[in-house]
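> Provided below are the primary sequence and the corresponding predicted coordinates.
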Amino acid sequence: MPIINRVADLQPDIQAWRRDIHEHPELLYDVHRTAAFVADRLREFGCDEVATGLGRTGVVGVIKGRKPAGNGDLKVIGLRADMDALPIEEQTNLPYASKTPGLMHACGHDGHTAMLLGAARYLAETRNFAGDAVVIFQPAEEGGAGAAAMIKDGLMDRFAIDQVYGMHNNPGMPLGSFAIRKGPIMAATDAIDIRIEGHGGHASRPHICIDSVLVGAQLITALQSIVARSVDPLESAVVSICEFHAGNARNVIPQTAELHGTVRTLTKRVREVVEKRVREVVAGVAQMTGASIELDYVRGYPVTVNHAAQTDVATKVAKEIAGDANVRETPPMMGAEDFSYMLEARPGAFIFCGNGDSAGLHHPAYNFNDEAIVYGTSYWIKLVENTMAA
């Protein structure tokens, strides 16, 4: 079937919610206005329970179906959206552009939140399913591990969640289409912070110095050999050094330098290999150059791994909404997603929804496509109704 007729009727309301959230972006865990907006809507819809403060500012709504699930049936399904924005100055000139200087919804979390609110409204009206639908609105996806914080606060056990599903918009993917895959779908992300202590001096006398700039350059080059020569060519990894800070005068060899970067991997084994080799390369360059080098290697989000059975369920539902031709298997993406923590805690699947021809994620000209609302909202609804048939 195509989109749900009632969702098409609700589209103006969902769009209005989305644009209101877009005008008032908030960062990480400081999503107090957004969380209050979400909680108020859930109460208005008549959710059976509305819980706030999970993972500091997360919100959860519980909607009970017309009858309880039978023995052996799926009893509780979790649907997750993220609420936080980014520290980016918006450049869209939209009438509902961010009213907060330096902050914007540049990743579409405003759309994710609004679509899940739309699904919650419909599900609370109809309750055409057996068991409980749990709608999860989490803070701090953008680097704050809000999903892990909500789990630590008892999300999965408190609401007895059996399976959990997530969704993200994807610029450049046709409107009304979906993309998904079994297994690793998004990468683990780790942080590299390196401090080099050399021996500074006059630029005309490099022979009595240990040049921190040269050491940093050698490190960057050597680190690139890890993916090229230590990782199986049939597997994926990224090592990117994106910051290099050293010196403040053209005729002074600086005493210190700092490098900052990221590592992306798609399997636990490759993650271990890359971390081991980064540590070995840093130690080797230090020994070779005589510099003192400190490395902080910090594990971030784990690999986002879709479970096979739940991916099949999600794919079937997406095809019901969009048609077989508009649901494709996506290659893994090297971006990261903290929904990975939820998929470690419970079986489930993460899917991408087309945002059409828009600016890319995290770009100052990005905007969530309101025409995608009916597809994403319908997907959430049919995911509940199909897997928890009354």
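Cool, got the structure.

> could you check which helix or strand contains residue 287?
Per DSSP states H and E: residue 287 is located in helix 268-289.

> so residue 64 makes contact with residue 134?
No: with contact defined as Cβ atoms under 8 Å, residue 64 does not reach residue 134; the gap is 10.1 Å. Any C-beta I mention is one placed from the backbone N, CA and C, and that applies to glycine too.

> so for these two, which sits in the more crowded spot?
Using other Cβ atoms under 10 Å, the more surrounded residue of residue 64 and residue 134 is residue 134, with 27 against 18.

> what sits closest to residue 235 if chain neighbours are left out?
residue 270 (5.4 Å; Cβ to Cβ, 6 or more residues apart in numbering).

> quick one: that neighbour and residue 168, what's the gap?
23 Å (Cβ to Cβ, to the nearest Å).

> what do you get for residue 95?
Distance from residue 95 to residue 168, by Cβ to Cβ: 25 Å.

> look at the two and report which has more neighbours.
When residue 95 and residue 168 are compared for neighbours, residue 168 comes out ahead with 24 against 7, by other Cβ under 10 Å.

> quick check: closest non-adjacent residue to that one.
residue 352 (5.7 Å).

> before we move on, back to that, so the residue nearest to residue 235 touches residue 237, yeah?
Yes: between residue 270 and residue 237 there is a contact under Cβ under 8 Å: 5.5 Å.

> residues shared between the contacts of these two?
residue 231 (Cβ atoms under 8 Å, 6 or more residues apart in numbering).

> got the buried residues for the helix holding residue 287?
For helix 268-289, a neighbour-count test (16 or more other Cβ atoms under 10 Å) marks 270-271, 273-275, 277-278, 281-282, 285-286, 289 as buried.

> toward the C-terminus, what is the element adjacent to that helix?
Next in sequence after helix 268-289, counting helices and strands by DSSP H and E, comes strand 292-299.

> and the next helix or strand after that following strand, which strands flank it?
Per DSSP H and E, the first helix or strand lying C-terminal to strand 292-299 is strand 304-306. Sheet pairing of strand 304-306 (DSSP bridges) gives strand 183-186 (antiparallel).

> pairing partners for the next helix or strand after the partner strand, with directions?
Going down the chain from strand 183-186, the next helix or strand is strand 188-197, by DSSP H and E. Paired neighbours of strand 188-197 in the sheet (DSSP bridges): strand 256-265 (antiparallel), strand 292-299 (antiparallel).

> relative orientation of strand 188-197 and helix 268-289 in degrees?
On the basis of axes from the mean of the first three to the mean of the last three Cα atoms, to 10 degrees, strand 188-197 is oriented at 10 degrees to helix 268-289.

> what stretches of the protein score poorly on pLDDT?
1, 3 (pLDDT under 70).

> try 50 this time
1 (pLDDT under 50).

> now the residue most central in space within it, what are its backbone angles?
Closest to where the C-alpha atoms of the chain average out (Cα atoms, centre = their mean) is residue 337, at 3.0 Å. In terms of degrees, to the nearest 10, the main-chain angles of residue 337 are phi -150, psi 130.

> correct me, but it touches residue 301?
Yes: Residue 337 lies in contact with residue 301 (Cβ under 8 Å); the separation is 6.7 Å.

> now for the strands paired with strand 188-197, which one comes closest to residue 203?
For residue 203, the closest of the strands paired with strand 188-197 is strand 256-265, at 14.9 Å, according to Cβ to Cβ.
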